[in-house]
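Novice: Quick one, fold the following:
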Amino acid sequence: QVRVVESGGGLVQAGGSLRLSCAASGRTARSYAMGWFRQAPGKERDFVAAISYGGGSTYYADSVKGRFTISRDNAKNTVYLQINSLKPEDTAVYYCAAGRIATMTGAQYDYWGQGTQVTVSS
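Specialist: Presented below is the predicted three-dimensional model:
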């Protein structure tokens, strides 16, 4: 069993930056690949970024390439999502998830957090 808790969301102006954190707890937490997803009001949940359990492989949605960076610190069992040049369309609840492989498919993740709200004002 892995517990996942996101933090770091907030209200920022367009062009600003945020760093989201995802703390994973559990005996095998560091052996999981991790992903970030987001869901805007009235829209489906979308893939944002993923990282392999060792951190050697990362994947991004085309819409965030060049602005978002996913990383992990396995000593702290924490995954980060650095978000730069924020846009109003980045406004969403951001979810972290743990799974056996780093994938864009949400259904392949086993454990999910409650989400953290990111709101970008224009």
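Novice: Relative to residue 70, how far out is the spatially most central residue of the chain?
Specialist: Centroid-nearest residue in the chain: residue 36, 2.6 Å away (criterion: CA atoms, centre = their mean). According to CB to CB, to the nearest Å, residue 36 and residue 70 sit 6 Å apart. C-betas here are computed from N, CA, C, even on glycine.
Novice: Name the residues contacting each of the two.
Specialist: Counting by CB atoms under 8 Å, 6 or more residues apart in numbering, the shared contacts of residue 36 and residue 70 are 49, 50, 79, 81.
Novice: And for the third one, the neighbour number?
Specialist: Read it as residue 79. By other CB atoms under 10 Å, the residues close to residue 79 number 30.
Novice: Report the buried residues of the helix or strand containing it.
Specialist: Residue 79 belongs to strand 78-83 when assigned by DSSP states H and E. Within strand 78-83, the residues scored as buried using 16 or more other CB atoms under 10 Å are 78, 79, 80, 81, 83.
Novice: In the beta-sheet assignment, what are the partners of the second one?
Specialist: Per DSSP bridges, the residues bridged to residue 79 are residue 22, residue 72.
Novice: hmm, back to that, need the max-distance pair from the shared contacts of residue 36 and residue 70.
Specialist: Within the shared contacts of residue 36 and residue 70, 50 and 81 form the most distant pair, 10.5 Å apart (CB to CB).
Novice: Find residues that contact each of these two.
Specialist: Counting by CB under 8 Å, 6+ apart, the residues touching both residue 50 and residue 81 are 36, 70.
Novice: re earlier: would you turn the buried residues of strand 78-83 into TSV with distance to residue 23 and pLDDT?
Specialist: Below are the buried residues of strand 78-83 laid out as TSV (distance: CB to CB, whole Å; pLDDT from 0 to 100):
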residue	distance to residue 23	pLDDT
78	5	95
79	8	97
80	10	98
81	13	98
83	18	97
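Novice: Name the nearest of the residues you listed relative to residue 25.
Specialist: residue 78 (10.1 Å).
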